[in-house]
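with the sequence up front, the predicted model follows.
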Amino acid sequence: ADRIVIKVGTSTLIRQNSQINLPVIKKLAYVLSTLKKNGKDVVLVSSGAIGVGMGVLNIDQRPIKISKQQAVAAVGQAELMQIYNEAFHEYGMSVAQILITRDIIDYPESHTNVMNSFQELLSMDNTIPIVNENDTVTVSELDHHTKFGDNDQLSAIVTNLVDADLLIMLSDIDGFYSANPLKVSDATLIDTIKQIDPEIIAAAGGHGTKYGTGGMTTKLKAAELILKHNQQMILTNGKDPEIIFNLLAGDPIGTLFS
Ligand code: ADP
């Protein structure tokens with residue numbers, strides 16, 4: 001794969017105690033910078049703004065009120081980008097912040113603009129675009145006209161948009177299981193999924209942690225979009241981002257949607 005989108009979930013970035021998982025971010029910066037230096041095109045889609053914001057503001061529970069969530073996300077986004085900026089600078093990389101809304105799907109002009117920006121950024125030698133949904137202007141998680149719902153689907157849309165070969169989705173679980181392993185102890189990892197049929201959809205349970213958002217349902221929606229465009233997605237555990245090297249070397253890791 002020469003053009004890769006990596007999506008990292010909140011459950012990978014934030015520890016249960018609201019602290020940001022700095023070692024993972026530093027490792028991620030190392031891995032992505034190495035790929036970039038080796039000539040790969042790399043885009044990072046990062047969740048975690050609300051989780052980071054909760055830590056900064058010392059809030060225990062994810063706010064219920066949408067406007068409160070947006071405010072917390074705005075605080076967290078700035079902090080998160082600062083952390084990425086520092087981490088990537090260690091490897092001589094700059095980061096570029098791209099905040100996206102549904103406008104890029106609904107309005108051809110917005111679509112063209114974001115495509116052009118991506119092409120320009122990807123042609124730069126020492127820059128890593130970091131994408132998130134623009135929480136401030138997206139109204140409600142349930143309002144499909146304004147919000148993608150989560151970064152899982154956003155990462156698939158970005159993968160389509162930049163015509164990447166592969167979407168690597170890093171989560172807090174090793175892959176897609178026959179059932180939610182938190183609830184079903186003998187659930188087994190599925191190594192390859194060719195299509196998202198009702199049986200697969202039925203195997204997807206909710207999210208695992210208080211910070212995670214979409215769970216497997218939104219990851220399957222993302223996979224559907226990827227398969228529709230004849231692209232590939234790998235879902236795997238992000239606890240050690242160096243797994244990306246193994247994965248790109250062809251080791252069978254996680255669940256391949258292909
Ligand atoms: P992220 O923050 O990485 O997007 P989520 O918490 O939203 O992560 O989703 C990952 C969680 O989905 C896992 O920790 C697991 O508890 C849950 N899950 C539900 N059903 C499944 C399944 N069939 N296979 C794997 N994980 C599942």
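All right, it came through fine.

grab the nearest non-local neighbour of Gly48.
Among residues not flanking Gly48 along the chain, Leu13 sits closest, at 4.0 Å (CB to CB, 6 or more residues apart in numbering). C-beta here means a position set from N, CA and C on the backbone, and glycine is covered the same way.

again with Thr255
Nearest residue to Thr255 in three dimensions, chain neighbours excluded: Gly175, at 3.7 Å (CB to CB, 6+ apart).

check what pLDDT that neighbour gets.
For Gly175, the pLDDT comes out at 97.

so the residue nearest to Gly48 sits against Met54, correct?
No. Leu13 is beyond contact range of Met54, at 11.9 Å (criterion: CB atoms under 8 Å).

just to revisit the earlier point, my read: the residue nearest to Thr255 touches Phe257, true?
No. The pair Gly175 / Phe257 is not scored as a contact, 10.2 Å apart, by CB under 8 Å.

for those two, list the residues in contact with both.
Leu235 (CB atoms under 8 Å, 6 or more residues apart in numbering).

more neighbours, these two?
Higher neighbour count among Gly175 and Phe257: Phe257, with 26 against 19, using other CB atoms under 10 Å.

give the contact list for that one.
Phe257 neighbours (CB under 8 Å, 6+ apart): Thr192, Ile193, Lys194, Ala223, Ile226, Leu227, Gln232, Met233, Ile234, Leu235.

using PDB, write out every CA atom in the helix or strand bottoming out on mean pLDDT in the chain.
Least confident helix or strand of the chain, by mean pLDDT, DSSP states H and E, is helix 103-106 with a mean of 86. Taking C-alpha atoms only, helix 103-106 is exported to PDB below (Å, rounded to 0.1, in the frame of the first residue of the first chain):
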ATOM      1  CA  ASP A 103     -20.400  19.800   3.600                       C
ATOM      2  CA  ILE A 104     -17.700  17.900   1.700                       C
ATOM      3  CA  ILE A 105     -20.300  15.400   0.600                       C
ATOM      4  CA  ASP A 106     -23.200  17.700   0.200                       C
END
